[in-house]
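>>> no sequence for this one, just the structure:
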């Protein structure tokens with residue numbers, strides 16, 4: 001059974017940092033693409049960042065230069081380091097995985113979310 005466990009969210013002031021973790025189990029981790037999405041109240045879900053099975057990385061424009069995605073194929077975990085956080089980054093963050101190994105907006109497996117709140 002594929003399981004994705006997101007953690008690391010919290011309340012932080014603008015300009016602060018958080019590191020989200022997505023711990024995975026139940027599949028061959030290094031073959032999968034792993035992505036972070038977020039959804040703010042009243043808004044549609046949007047892709048934030050993704051790392052492919054070949055370690056290619058992708059970011060939405062609004063987080064480029066502030067967020068860094070990385071993966072540890074020994075710990076079966078993907079991290080999202082978020083620096084210089086802004087109030088508009090406030091959302092529930094979800095991690096997702098896909099066996100195709102490629103980043104896209106449509107990933108097969110989803111974990112539960114972790115709340116990130118950035119105060120001004």
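Alright, I've got the coordinates. Worth saying up front: this structure is predicted, and the values here are computed from it rather than measured. Numbering: from 1, shown residues only.

>>> name the element the residue most central in space within the chain belongs to?
Centroid check for the chain by CA atoms, centre = their mean gives residue 36 as the closest residue, at 2.5 Å. Following DSSP states H and E, one finds residue 36 within strand 33-39.

>>> next one: that strand to chain centre, how far?
4 Å (CA atoms, centre = their mean, to the nearest Å).

>>> Now tell me what touches it from outside.
20, 22, 24, 45-53, 69, 71, 78, 80, 89, 91-98, 100-104, 107, 113, 116 (CB atoms under 8 Å, 6 or more residues apart in numbering). For the C-beta atoms, the positions are set from N, CA and C on the backbone; glycine is no exception.

>>> Any buried residues in stretch 17-30, and which?
Using 16 or more other CB atoms under 10 Å as the burial criterion, the residues of stretch 17-30 that qualify are 18, 20, 21, 22, 23, 24, 27, 29.

>>> Touching, the second one and residue 82? I think so.
What that stands for is residue 20. Yes. Contact criterion CB atoms under 8 Å: residue 20 and residue 82 qualify, at 6.9 Å.

>>> Spit out the residues that contact those two alike.
Here residue 20 and residue 82 have residue 116 as joint contacts, going by CB under 8 Å, 6+ apart.

>>> Which secondary structure elements does the longest strand belonging to the chain sit against?
Taking DSSP state E as the criterion, the chain has its longest strand at strand 109-119. Contact here means 3 or more CB pairs under 8 Å, 6 or more residues apart in numbering; DSSP states H and E; on that basis strand 109-119 packs against strand 3-7, strand 10-13, strand 18-25, strand 91-98.

>>> I'd like to know which of those lies nearest to residue 41.
strand 91-98 (8.2 Å; CB to CB).

>>> Relative to the longest strand of the chain, what are the paired strands and their orientations?
According to DSSP bridges, strand 109-119 has the following sheet partners: strand 10-13 (parallel), strand 91-98 (antiparallel).

>>> Show the average pLDDT along that strand.
The pLDDT scores in strand 109-119 average 97.

>>> Identify all contacting residues around it.
2-14, 16, 18, 20, 22, 27, 38-39, 82, 85-98.
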